[in-house]
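Q: Generate a structure from the sequence data that follows.
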Amino acid sequence: MSGIVNSSGSRSGVIGTTELDYEEGTWTPIFEAAGGGNMGVTSSGFYTVIGNICIYGCTITVTSAVINYGAVNIKGWPFTATQVNSTQIQASGLSGITAGQNLTGYVSGVSMRVSQWNSTTGTGNIVSSRFPNSTVLTLSGTYHI
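A: Presented below is the predicted three-dimensional model:
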């Protein structure tokens, strides 16, 4: 690096180096009804870690729905989150989601709680019965590790 330093001279050479951890890989998300067991799904995910940031993406397709077992979690994250980070979840095939509503989630530790956002009432849990067969969830985001 070279350039003007404090308008009084120049300096050449490396001022500093930083090594950041870098890793890429895949992971398998687990889609779970909090009140009772795993839902039947096919799922795949990818991640890239740069330093202490995990960049992730995944797709989950419901193949065997469960009957109203309560809140829904996504588990199996490749790294433990050190801070809570939220993300918007894209979904197709959900039942009972109308205009002004969408899905959100937040990664905490090694789990993501899936919630339903309603522009009138705010955030609330979404129950597993809203995920019939062939529902597809796609999400991506970042979190600190």
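
Q: hang on, residue 125 packs against residue 118?
A: No. Counting by CB atoms under 8 Å, residue 125 stays clear of residue 118, with 11.6 Å between them. Using the backbone N, CA and C atoms, a C-beta is placed for each residue, glycine as well.

Q: distance between the ends of stretch 105-117?
A: Terminal residues of stretch 105-117 lie 10 Å apart, using CA to CA, to the nearest Å.

Q: ok, and what's touching it?
A: Residues from elsewhere that reach stretch 105-117 (CB atoms under 8 Å, 6 or more residues apart in numbering): 71-77, 80-81, 84-87, 89, 97, 101-104, 123-126, 130, 139, 141, 143.

Q: Quick check: nearest residue in space to residue 88, chain neighbours excluded?
A: Excluding the flanking residues, the one nearest residue 88 by CB to CB, 6 or more residues apart in numbering is residue 104, at 6.0 Å.

Q: Can you report how many residues neighbour residue 91?
A: Neighbour count for residue 91, taken as other CB atoms under 10 Å: 18.

Q: hmm, back to that, which of the contacts of stretch 105-117 fall in strands?
A: Under the assignment DSSP state E, these contribute 72-75, 81, 84-87, 89, 101-104, 123-125, 139, 141, 143 to strands.

Q: residues in contact with residue 83?
A: By CB under 8 Å, 6+ apart, the contact set of residue 83 is 143, 144.
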